[in-house]
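Structure for this input, please:
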Amino acid sequence: MNAVTGFWFGLPEQVRDPVLFAIPFFLLLLILEWTAARKLQRVEQERSPSGSYLAQDSWASISMGLVSILTSAGWKALALLGYSAIYAYVAPWHLSPSKWYTWVVALLGVDLLYYGYHRMAHRVRLVWATHQAHHSSEYYNFATAVRQKWNNSGEVLMWAPLPLLGLPPWMVYFSWSLNLIYQFWVHTERIDKLPRPFEFVLNTPSHHRVHHGMDQLYLDKNYGGILILWDRLFGTFQPEVFRPHYGLTKKVDTFNIWKLQTREYVAIARDWRAATRWRDRLGYMFGPPGWEPRGAGQAGGAVPAITAR
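Alright, predicted model coming up:
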């Protein structure tokens, strides 16, 4: 009996089937990320004269994407076991994959929870520290799509309610894969606005360009993954009215991928050490990006949104 077989039969019987069915979609996520990153290496040989690419910037994005494949594999493996245990031992019922409504719950559930996590990632500084690298490029192209975080802990926790609702873990992973596939193509300036019905329902390149904009009008808008309806419903929608200026409001003058990934953690640690009160330390961690103690910046405990990231 080899180590893999031993591990498999060492799992409780209730967990084995969920893990077995989820593995292909766990692998699909990794393959999608790897394929996208590899193909984008060839994009570097076809530079756009419009200034929408910069070689150093694109290579930084691709490098971050390649590293994220390794780091996300660990997080997703932990999630796979966790989801399977929740599904097998905690879920009060199991939804049947043969029913159409189970697929509706899976696809909409993943997309809604993505919206919630994405919004939290822009409004809670500690979570923003994991996400800000994705927004650090001043260019907007397919390379930006793979400028991904290395810490997926908050993301995998956000999907935990789905197996608790009785969704098989393999369906969670399949829906997650579809969500990932969809979001790749919206990272482009080459596609203008689509016909109104599509723009009303779906996240499109136009909507996602707004999300990556650092302009005051565009900050913290359009969090949707596949559907833009969540933003319309929860008051975070903003149409594109002019070409955005991309990147963070505080310019990042580096292409060092380690610094791009860790810069906000370093800033949080610096603010934590400088604070003299525990409530200020907690504010620096769990307040919005740009939060300052009352009296240090703007009244109310936070600086204006334009300096929030």
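
where in the stretch 151-300 of the chain is pLDDT low?
Applying pLDDT under 70 to the stretch 151-300 of the chain picks out residues 295-300.

cutoff 50 now
Within the stretch 151-300 of the chain, the segments meeting pLDDT under 50 span 298-300.

The nearest residue to Gln238 once chain neighbours are set aside sits in which helix or strand?
Of all residues not flanking Gln238 in the chain, Lys221 sits nearest, at 3.8 Å (C-beta to C-beta, 6 or more residues apart in numbering). The C-beta positions use only the backbone N, C-alpha and C, and glycine is treated the same way. Under DSSP states H and E, no helix or strand contains Lys221.

show me what contacts Lys221?
Lys221 makes contact with 210-211, 231, 236-238 under the criterion C-beta atoms under 8 Å, 6 or more residues apart in numbering.

let's see it at 10 Å
Applying C-beta atoms under 10 Å, 6 or more residues apart in numbering to Lys221 gives the contacts 122, 207, 210-211, 213, 231, 235-240.

what ranges do the helices span in the stretch 151-300 of the chain?
Per DSSP state H, counting those that start in this stretch, the stretch 151-300 of the chain carries helices over the ranges 153-158, 161-164, 169-184, 196-201, 205-211, 229-234, 257-274, 278-286.

what's the burial count for Trp230?
Using other C-beta atoms under 10 Å, Trp230 has 23 other residues around it.

Quick check: closest non-adjacent residue to it.
Tyr115 (4.2 Å).

Now name the helix or strand holding the one you found.
helix 100-123.

got the buried residues for that helix?
Across helix 100-123, burial judged by 16 or more other C-beta atoms under 10 Å covers 102-103, 105-107, 109-115, 117-123.

hmm, back to that, what values do phi and psi take at the residue nearest to Gln238?
Per-residue torsions, Lys221: phi -130, psi 160 (degrees, to the nearest 10).

For Arg277, give its distance to Ala129.
21 Å (C-beta to C-beta, to the nearest Å).

More neighbours: the two, which one.
More crowded of Arg277 and Ala129, by other C-beta under 10 Å: Ala129, with 22 against 9.

Confirm that that one lies within a helix, as I assumed.
Yes: using DSSP: H, G, I helix; E, B strand; the rest coil, the assignment for Ala129 is a helix.

tell me the contacts of it?
Per C-beta under 10 Å, 6+ apart, neighbours of Ala129: 121, 149, 151, 261-268, 285, 289.

what's the closest of the contacts of Lys221 to Trp93?
Asp231 (31.4 Å; C-beta to C-beta).

how about the nearest residue to the spatially most central residue of the chain, chain neighbours excluded?
The chain has His118 as the residue nearest its centroid, 6.1 Å off, counting by C-alpha atoms, centre = their mean. Leaving out its chain neighbours, the residue that sits closest to His118 by C-beta to C-beta, 6+ apart is Tyr223, at 4.2 Å.

Now that neighbour. Its backbone dihedrals?
Dihedral angles (degrees, to the nearest 10) for Tyr223: phi -90, psi -10.

Just to check, it is in contact with Asp231?
Yes: the criterion here is C-beta atoms under 10 Å, and Tyr223 meets it with Asp231 at 6.1 Å.

Common neighbours of these two, please.
Common neighbours of Tyr223 and Asp231 (C-beta under 10 Å, 6+ apart) are 115, 119, 203, 207, 211, 237.
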